[in-house]
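S.K.: sequence first, predicted model second:
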There are 2 protein chains.
Amino acid sequence: MSRGESKGERTRAVILGEALALTSTDGLAGLTIGSLAERTGMSKSGLFAHFGSKEQLQQAVLEEAVEMFTLRVIRPATAQPRGLPRIKALCENWVAWLRDSPLPGGCPMLSASLELDDKPGPLRDYIAASQEKLRAFVSECARRAVIEGHFREDLDPDQFAFEMLGVGFAHSLTRRLLGHPEADRWACTAVSGLIGRSLAPGRTVESISNACAHQTH
Amino acid sequence: MSRGESKGERTRAVILGEALALTSTDGLAGLTIGSLAERTGMSKSGLFAHFGSKEQLQQAVLEEAVEMFTLRVIRPATAQPRGLPRIKALCENWVAWLRDSPLPGGCPMLSASLELDDKPGPLRDYIAASQEKLRAFVSECARRAVIEGHFREDLDPDQFAFEMLGVGFAHSLTRRLLGHPEADRWACTAVSGLIGRSLAPGRTVESISNACAHQTH
DNA sequence: TTGACAAAAGAACGACCGTTCGTTTTAATC
DNA sequence: GATTAAAACGAACGGTCGTTCTTTTGTCAA
């Protein structure tokens, strides 16, 4: 068998994978025990026993989504040197994530954000904390780029993070709802523009990349 | 009585008002006949008869939301002279709309966009068409500003619209989910930055405003 | 004021929701 | 291979969903 995990852990993982896809297309509200049981070929009660309540199932799904995003976007970026290289890696991973995401219906965290932003509870708290963590991470990356001398000294890292996230949301909506084929290009142009006007005077993206290529992380 | 409308038209309007608030906080999925009947003090069947189906109710709610947005954001902007003044008015109305919206739970069209972006049908079509109309309107405003000589000649109006909408989305999420008090400031800074770097060489916002103040619409 | 029609209520429908319980099957351990 | 615990099932619960009837109430014009 595949691992040292028990049977329960394995099927739980299978369920979560299917639940993630279902949430992606149908939203947290559309994630029902019945439809999930049908997709996994299980009985409602058998599936239900793995989570104890619907809310815990939802929580597990969101945690899975966050972990996926962290693994494919955040973590590879932190492997890059601080400053501009890390920011560049972050943007590239992000775009790649949006383009080749295994989730058919877009980011579950984004739709859940709008779905639950008025419903107090542990789920909302978790989503808000996660999104804030992402925002703070981008902001911290920008702040560090200022320290490294890559970005202008008067740059507001929070402003940078705000505009960066805005591009991400706009990209998702323009691509997924409107279906504009230029969405990718618009997003990339917006990001390079944002980075370009954040650079310290006299700096170019290339000059920094070359300089960083020879230093340790 | 209040108008020449019939009783049915009046109660229908009351229902729609309540439905709009409910959709704003709970999303289109949370808009149920039962809860809406309770809020309006009507019976389920009595309320239902006004719309014929749940989908038609949802459609009516979205149309109401669009009309509200058009009335308070788009229309006053079109009363301004073409070019920068119209764009400025658009931004100001938009911010004011987000700040003093009568809807307690944020824009229903935005949450519906993410809720239905994977569910084909007339509702999705309507939402996509509406959002595209808004995007095209912003783009057209920018294109016109280029013609008027307010914006640089090499400005891409679609790129302008993309970044503008991104600010709107980011603002909504940062404010409503994360509850950042600086959200308003970040959004305003982002918008003025966007407008500032779109201006034709040598132009300032003030110079154009003064010049336009004396011309006819 | 009466008669015609619109509007609202009431009861019920089948379907699905999340959840519980007792039983049966399956997997892990000795 | 037998014992025991974990995992999955099947049936049922009370509730709510959207929807369809029939019946009662209210409106509005002749």
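M.R.: That came through, no problem.
S.K.: measure A:E38 to A:L20 for me?
M.R.: Taking C-beta to C-beta, to the nearest Å as the measure, A:E38 falls 16 Å from A:L20. Bear in mind the C-beta positions are built from the backbone N, C-alpha and C, glycine included.
S.K.: more neighbours: which of the two?
M.R.: A:L20 (20 against 14; other C-beta atoms under 10 Å in any protein chain shown).
S.K.: got the end-to-end distance for stretch A:30-44?
M.R.: For stretch A:30-44, the separation between the terminal residues is 15 Å (C-alpha to C-alpha, to the nearest Å).
S.K.: kindly provide the distance from the residue most central in space within chain A to A:Q56.
M.R.: For chain A, the residue nearest the mean C-alpha position is A:F69 (4.3 Å; C-alpha atoms, centre = their mean). According to C-beta to C-beta, A:F69 stands 20 Å off from A:Q56.
S.K.: just A:P85 next, same as before
M.R.: 39 Å.
S.K.: more crowded one of these two?
M.R.: More neighbours surround A:P85 than the other of A:P85 and A:Q56, with 23 against 13 (other C-beta under 10 Å).
S.K.: what helix or strand is the more buried one on?
M.R.: helix A:84-99 (DSSP states H and E).
S.K.: what average pLDDT does that helix get?
M.R.: The pLDDT scores in helix A:84-99 average 93.
S.K.: contact residues of chain A facing DNA strand C?
M.R.: Along chain A, the residues adjacent to DNA strand C under the rule C-beta under 7 Å from any atom of the strand are A:6-7, A:31-35, A:44-45, A:48-49, A:53-55.
S.K.: and these, which is closest to A:T189?
M.R.: A:L31 (35.4 Å; C-beta to C-beta).
S.K.: surely the closest one and A:L57 touch.
M.R.: Yes: between A:L31 and A:L57 there is a contact at 7.4 Å, judged by C-beta atoms under 8 Å.
S.K.: what's the overlap in contacts for these two?
M.R.: A:A19 (C-beta atoms under 8 Å, 6 or more residues apart in numbering or on different chains).
S.K.: for A:R203, helix, strand, or coil?
M.R.: Following DSSP: H, G, I helix; E, B strand; the rest coil, we place A:R203 in the coil state.
S.K.: pLDDT at it, what is it?
M.R.: 93.
S.K.: could you pull up the contacting residues of it?
M.R.: A:G149, A:H150.
S.K.: tell me which element the residue nearest to the centre of chain A is part of?
M.R.: Counting by DSSP H and E, A:F69 is part of helix A:54-69.
S.K.: how about that helix: buried residues?
M.R.: Taking 16 or more other C-beta atoms under 10 Å in any protein chain shown as the neighbour-count basis, helix A:54-69 is seen to contain the buried residues A:L57, A:Q58, A:Q59, A:A60, A:V61, A:L62, A:E64, A:A65, A:V66, A:M68, A:F69.
S.K.: quick revisit: can you tell me which of the residues of chain A next to DNA strand C has the most neighbours?
M.R.: Among the residues of chain A next to DNA strand C, A:L31 has the most neighbours (other C-beta under 10 Å), with 21 neighbours.
S.K.: for A:A60, see how far away it is.
M.R.: 11 Å.
S.K.: ditto for A:E182
M.R.: A:E182 is 37 Å from A:A60, by C-beta to C-beta.
S.K.: returning to that earlier point: pull the CA atoms of the helix holding A:F69 into PDB?
M.R.: What follows is helix A:54-69, C-alpha atoms only, in PDB (Å, rounded to 0.1, in the frame of the first residue of the first chain):
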ATOM      1  CA  LYS A  54     -20.400  19.700   8.400                       C
ATOM      2  CA  GLU A  55     -18.500  22.700   9.800                       C
ATOM      3  CA  GLN A  56     -15.500  20.600  10.500                       C
ATOM      4  CA  LEU A  57     -15.600  19.200   7.000                       C
ATOM      5  CA  GLN A  58     -15.700  22.800   5.600                       C
ATOM      6  CA  GLN A  59     -12.800  23.700   7.900                       C
ATOM      7  CA  ALA A  60     -10.800  20.800   6.700                       C
ATOM      8  CA  VAL A  61     -11.400  21.700   3.100                       C
ATOM      9  CA  LEU A  62     -10.300  25.200   3.600                       C
ATOM     10  CA  GLU A  63      -7.200  24.100   5.500                       C
ATOM     11  CA  GLU A  64      -6.400  21.800   2.600                       C
ATOM     12  CA  ALA A  65      -6.800  24.700   0.100                       C
ATOM     13  CA  VAL A  66      -4.500  26.900   2.200                       C
ATOM     14  CA  GLU A  67      -1.900  24.200   2.400                       C
ATOM     15  CA  MET A  68      -2.000  23.600  -1.300                       C
ATOM     16  CA  PHE A  69      -1.500  27.300  -2.000                       C
END
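S.K.: packing partners for the longest helix along chain A?
M.R.: The longest helix of chain A (DSSP state H) is helix A:122-147. Here helix A:122-147 touches helix A:54-69, helix A:84-99, helix A:108-116, helix A:157-176, going by 3 or more C-beta pairs under 8 Å, 6 or more residues apart in numbering or on different chains; DSSP states H and E.
S.K.: which parts of it are buried?
M.R.: So for helix A:122-147, counting by 16+ other C-beta under 10 Å, buried means A:123-124, A:126-128, A:130-131, A:134-135, A:137-139, A:141-146.
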